[in-house]
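Student: fold the following and give me the result.
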Amino acid sequence: MTTWTVSPLAIAAVVLAVPGGLLMLAGLVALRRRRPFRFVLRTLLGLLLLVTGALLGAISIGLNGYRALTREEVAARVIVQPLTEPQRFSATFHITGRPEAIHYELAGDALYVDAHVLKWKPAANMIGLHTAYELDRVAGRYDDIERERTAVRTVYSLAPERRIDLFGLRQRFAFLSPLLDAEYGSGTFVSVTEPAELEVRVSTTGLLIRFVAR
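Tutor: Numbering: from 1, shown residues only. Next comes the predicted model:
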């Protein structure tokens, strides 16, 4: 289950949307009183506030599930266990910020994990938007390229369900470009030859996997 929190962006969206709506109503009142100048002024200002509030609200909803990245940190702990069948292993994910563990059975020689990363421009940092990441998928990876092409493929989503996909939204529309510096995917993999506990870590340069010392 995704935990919803009230962000500064959501508060800003409401702060802008409420007066925007009131100005739209005031514009209608001015129209009924046959005051066209006041109608145009109030309507345009109200639309500007509503559109800005809607944009901030969309970004706030789209960022839900992403985690702020300020340094190298643990995105998930993973327990891997080879199975009796060749090139098969299990992987149990304990993702930071989610209470439930997620279990997968994967085909291949290695564990592959990737993520989405959003890097915001300094202007966006001033309104509380900072580099953020979200694990996207896990898969099994074969060392042999021919096996990778022809053998059984296992790929699963690690991302929570969301009403607005901000990563996809940025790829389709240009209106976020003044705020967003870059959006990119980062992936990493590690061979699974024996039972082990791993840490999937994320830094400003991307994902990496480290073995946890026992």
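
Student: care to break this protein down by domain?
Tutor: 8-63, 67-211 (automatic domain parsing).

Student: gap between the last one and the chain center?
Tutor: Its chain's C-alpha centre lies 11 Å from the corresponding centre of domain 67-211 when counted by CA atoms, centre = their mean, to the nearest Å.

Student: show me what the helix or strand hosting V51 is packed against.
Tutor: Here V51 sits within helix 36-63, counting by DSSP states H and E. On a contact count with 3 or more CB pairs under 8 Å, 6 or more residues apart in numbering; DSSP states H and E, helix 36-63 meets helix 8-32, helix 166-172. For every residue, glycine as well, the C-beta is placed using N, CA and C.

Student: among these, which gets the worst mean confidence?
Tutor: Mean pLDDT values for these show the minimum at helix 166-172, a mean of 59.

Student: which residues touch the residue nearest to I209 when sequence neighbours are not counted?
Tutor: The spatially closest residue to I209, leaving aside those adjacent along the chain, is V190, at 4.5 Å (CB to CB, 6 or more residues apart in numbering). Contact analysis of V190 by CB atoms under 8 Å, 6 or more residues apart in numbering lists A110, L111, L198, I209, F211.

Student: show me what V190 is bridged to.
Tutor: L111 (DSSP bridges).

Student: tell me how far it lies from P99.
Tutor: V190 sits 25 Å away from P99, going by CB to CB, to the nearest Å.

Student: flag the shaky bits of the protein, pLDDT-wise.
Tutor: Applying pLDDT under 70 to the chain flags the ranges 1-12, 15, 56-71, 122-130, 162-183, 204, 214.

Student: what separates the residue nearest to I209 from L106, distance-wise?
Tutor: Using CB to CB, V190 is found at 12 Å from L106.

Student: Y112 too?
Tutor: 9 Å.

Student: ok, these two, which is more surrounded?
Tutor: Per other CB atoms under 10 Å, whichever of Y112 and L106 has more neighbours is L106, with 24 against 19.

Student: surely that one meets A151?
Tutor: No: the criterion here is CB atoms under 8 Å, and L106 misses it with A151 at 11.9 Å.

Student: tell me, how many residues neighbour A101?
Tutor: By other CB under 10 Å, 12 other residues sit near A101.

Student: all further residue positions should be reported with the first residue as 38.
Tutor: Noted, 38 is the first residue going forward, which turns the last one into A138.
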